[in-house]
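Undergrad: what shape does this take:
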Amino acid sequence: MLITVLVIFKTSLAFENFSSVDGNFPFSPKHVIIINTLHPHGKLYVHCRNKGEDLGLHKIEYREQIDFRFRVNLRRTTTYTCKFSWPGNEKTFDIFRADRDDSSKSTSGICRECIWYICETGPCRARRDGGDPFCFSWTS
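TA: Here you go, the predicted model:
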C-alpha cells in the first residue's frame, strides 16, 4: 500500500507543470489567492484554516491579496474554511473544497490556481478560460 501511495505521489510531482493532472491524482498542487474587492476604504480581515493547519489572521487592504499553497490530501477531502470580516460584517466560506475545486464533475471546474475576488454579495472564483467568474453565496 505504501509503495502504491509513493508511486502516485511521485507521478503527481512529475506532472506538476501540467494542468491535466489537476483533479486526476491525489496530492494535486494548489495555490489559493484571495483578493479584496469590497470597496476602496474597506479593510478585509481573513482567517483561514483546515483540520490540521491554522493560517492565522491577515489584514488585506483594498485590491491587495494574500495567498497560500498546499496539496490535496490522499482521500481528496481537503477543505480550507475562511472567516471574512469587514466593518459591520462577518462571513464564512469554504475557500477551497476538493469536491468543488478539484473535481472534473464540479460545475465550477478544477482550479490549480484558485483566484478569489471577495465581494459583499459573496466570493467569486476566476475562470481559467477568462469567462465570467463563478460566484457563490456566503456560508454564514
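Undergrad: just the pLDDT for the residue nearest the centre of the chain.
TA: Nearest residue to the geometric centre of the chain (C-alpha atoms, centre = their mean): Phe96, 3.6 Å. Turning to Phe96, the model gives it a pLDDT of 96.
Undergrad: for it, which residues make a bridge with it?
TA: Tyr80 (DSSP bridges).
Undergrad: show me what counts as buried in the helix or strand where Phe93 lies.
TA: Element membership for Phe93 (DSSP states H and E) is strand 89-97. Neighbour counts over strand 89-97 (16 or more other C-beta atoms under 10 Å) mark Lys91, Phe93, Asp94, Ile95, Phe96, Arg97 as buried. To be clear about C-beta, it is placed using only N, CA and C from the backbone, and glycine gets the same treatment.
Undergrad: just stretch 69-84 next, same as before
TA: Buried-residue list, stretch 69-84, by 16+ other C-beta under 10 Å: Phe70, Val72, Asn73, Thr78, Thr79, Tyr80, Thr81, Cys82, Lys83, Phe84.
Undergrad: which ones among the residues you listed are found in strands?
TA: With strands taken from DSSP state E, the overlap with those comprises Phe70, Thr79, Tyr80, Thr81, Cys82, Lys83, Phe84.
Undergrad: does Pro123 really touch Thr92, like I thought?
TA: No: if you go by C-beta atoms under 8 Å, Pro123 and Thr92 don't touch, sitting 10.5 Å apart.
Undergrad: residues shared between the contacts of these two?
TA: The contact sets of Pro123 and Thr92 overlap at Trp138 (C-beta atoms under 8 Å, 6 or more residues apart in numbering).
Undergrad: rewinding a little: need the ones in strands among the buried residues of stretch 69-84 in CSV (columns: distance to Asn50 and pLDDT).
TA: Listed next are these as CSV, based on distance: C-beta to C-beta, whole Å; pLDDT from 0 to 100:
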residue, distance to Asn50, pLDDT
Phe70, 8, 95
Thr79, 6, 96
Tyr80, 5, 97
Thr81, 7, 98
Cys82, 10, 98
Lys83, 13, 98
Phe84, 16, 97
